[in-house]
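J.: For reference, the sequence and a predicted model appear below.
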Amino acid sequence: MSKMKVEILFKDTIKPSSLTSHRLKTVELSFIDEKMAPVFVGGLFFYNYNGADKAEISGKLKNSLSETLTCFYPLTGRINDKVIECNDEGALFIEARASVLLSDLLVNPDPLTLVALMPSRSPKAELWPLLLVQVTFFSCGGFVLGVLIPHIVADVTTVSIFLRGWAATARGHGDMVTPNYLSSSMIFPRLPHQEPYPMPKDERNHVTTKKPEFVTKRFVFEADKINLLKVRAASEQVKDPTRFESIVGLLWCCLTRATRSDNGVQKPSSVQFPVNIRNTNISPILSENSMGNIVLSVSVDTDGSETGLEQMVRKLRDNKEKTLEKFRTMEAMKFAEEYEKQRWDFMCRMISGAIDGHIFTSWARTGFYEVDLGFGNPNWVTANNLNWEFEVFILMDTENGRGIEVWVSLMNDKMSALEEDHELLQFATPNPSVV
């Protein structure tokens, strides 16, 4: 494929079609929101040509977005200290065109090429606007929709709730989604003022100041291979491991081997992953449309001697259940303090090089392949970790909903070892074509 060029045609600010009521002018951030990394959550949605022209697509997207933002009004606001000021300043909407055929992108898709389809923002803008949208048109008539929301106000389920609401409005189904903005700050009250934890010293590159080089790759687990993997991951303690547990357990095993082969020494390893608690047995019961970061981060450690798949899966299951039980039984503020200390400890150990730390997250079963904005369902959806400069693994559905795509950002040397891991290659295919 020839190198893709993306030309920005125009940028617009989309405001809600109705002004936000004065009584809804502020939304408090929770202590989980406050601690989120300054990154964006979102993805790319690929749509084939369906007969509509560019003007029709662009007009429908902008008009329906304006109507949708009346209900999702915080996304048109700005963050000020610890609250979102819902001031109707608007979301950023970008229209662009690409110089290649959409089908060309889907042949062994290249993450560095796909980055140009993500909405860009001014470097000075930091975390505003709170919603960025880019629609990129291709000469074949297809288009790609890129959507980004700052992680400080949204987890992946929040993104899904918003997109479902937008899709319903665009198809003329009215307001089928009623977002709830109170749950996050209610169950995760902000901690009283405290001195910030000291930043850890980065010991990973004490010999050289050269910045680590990260690379992003894609691995696809088809349904039949996942079923085989789940059988191998099962044990007496975890008789029916989930897809997430099985794939993360396998990748964790591969990563410990990669680290050992890299330096000859097995460093302690740790995994951290978020758990969506909207549908868990907690009190108060949360609305499935609760907005914000309604997640708990679970940390799991191994000293390097426990590297078997069954052992890794047991650790993932046990620590998840322990974290949820603590949340159910501990007083809210005490839990918040302990939880924050645990998260900070993980980051300190990872940044200092004391552990080999990895972050996993599942975006499966979010309904992203059902985002029909009036032009049919997307035929492919990607995550937005196409050029992140830290180690992260995002699990997403394949189009049929049965397989899993894993987007992996790793340092170059680790990625090279991962790509050659024989056990991983028994179950996953590196970057197959989408078409």
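T.: Here it is on my side, so go on.

J.: what's the spacing between stretch 402-422 and its chain's center?
T.: Centroid separation between stretch 402-422 and its chain, computed with CA atoms, centre = their mean, to the nearest Å, is 17 Å.

J.: Pull out the buried positions in it.
T.: Neighbour counts using 16 or more other CB atoms under 10 Å place 403-411, 413-415, 417-419, 421 of stretch 402-422 among the buried residues. Quick note: C-beta positions are derived from backbone N, CA and C, even for glycine.

J.: got it, and stretch 223-234?
T.: Using 16+ other CB under 10 Å as the burial criterion, the residues of stretch 223-234 that qualify are 225, 226, 229, 230, 232, 233, 234.

J.: Narrow the buried residues of stretch 402-422 to those in helices?
T.: Counting by DSSP state H, the buried residues of stretch 402-422 place 413, 414, 415, 417, 418, 419 in helices.

J.: Reformat these as a markdown table; add distance to residue 182 and pLDDT.
T.: Shown next, in a markdown table, are those (distance: CB to CB, whole Å; pLDDT from 0 to 100):
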| residue | distance to residue 182 | pLDDT |
| --- | --- | --- |
| 413 | 46 | 88 |
| 414 | 42 | 90 |
| 415 | 42 | 93 |
| 417 | 46 | 92 |
| 418 | 42 | 94 |
| 419 | 45 | 94 |
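
J.: Now flag whichever of these is closest to residue 362.
T.: residue 418 (18.8 Å; CB to CB).

J.: The closest one touches residue 408, doesn't it?
T.: Yes. Between residue 418 and residue 408 there is a contact under CB atoms under 8 Å: 7.1 Å.

J.: Check which helices and strands whichever helix or strand residue 274 is part of sits against.
T.: Element membership for residue 274, per DSSP states H and E: strand 269-276. Using 3 or more CB pairs under 8 Å, 6 or more residues apart in numbering; DSSP states H and E, the elements in contact with strand 269-276 are helix 243-263, strand 295-302, helix 309-329, helix 332-352, strand 356-362.

J.: again, only using 10 Å
T.: Strand 269-276 is packed against helix 156-170, helix 243-263, strand 295-302, helix 309-329, helix 332-352, strand 356-362, strand 392-397, with contacts defined by 3 or more CB pairs under 10 Å, 6 or more residues apart in numbering; DSSP states H and E.

J.: Within the sheet, what are the partner strands of that strand, with directions?
T.: Strand 269-276 pairs in its sheet with strand 295-302 (antiparallel), strand 356-362 (parallel), by DSSP bridges.

J.: So what's the gap between the longest one and the chain middle?
T.: Okay, so that is strand 295-302. Centre-to-centre, strand 295-302 and its host chain are 16 Å apart (CA atoms, centre = their mean).

J.: ok, back up a step: ok, the buried residues of stretch 402-422 vs residue 242, which is closest?
T.: Ranked by distance to residue 242 (CB to CB), those are led by residue 404 at 10.9 Å.

J.: Report pLDDT for that closest one.
T.: For residue 404, the model assigns a pLDDT of 98.

J.: who's it bridged to?
T.: residue 221, residue 397.

J.: Go ahead and confirm it touches residue 383.
T.: No. Proximity of residue 404 to residue 383 does not meet the contact threshold set by CB atoms under 10 Å, at 12.0 Å.

J.: Spit out the residues that contact the two alike.
T.: 363, 395, 396 (CB atoms under 10 Å, 6 or more residues apart in numbering).

J.: would CSV of these with distance to residue 98 be doable?
T.: As requested, those are exported to CSV (distance: CB to CB, whole Å):
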residue, distance to residue 98
363, 25
395, 28
396, 22
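
J.: By neighbour count, which of those residues wins?
T.: Counting neighbours by other CB atoms under 10 Å, residue 396 leads these with 24 neighbours.

J.: how far does the helix or strand of the chain with the lowest mean pLDDT sit from the chain's center?
T.: Lowest mean confidence among the helices and strands of the chain (mean pLDDT, DSSP states H and E): helix 332-352, at a mean of 78. Counting by CA atoms, centre = their mean, helix 332-352 is centred 21 Å from the centre of its parent chain.

J.: okay, and for the protein, where does confidence drop off?
T.: Within the chain, the set of residues satisfying pLDDT under 70 comprises 1-2, 121-127, 174-176, 191-211, 260-265, 282-284, 304-307.

J.: cutoff 50 now
T.: Confidence mapping of the chain against pLDDT under 50 gives the ranges 195-197, 199, 202-209.

J.: Much appreciated, bye for now.
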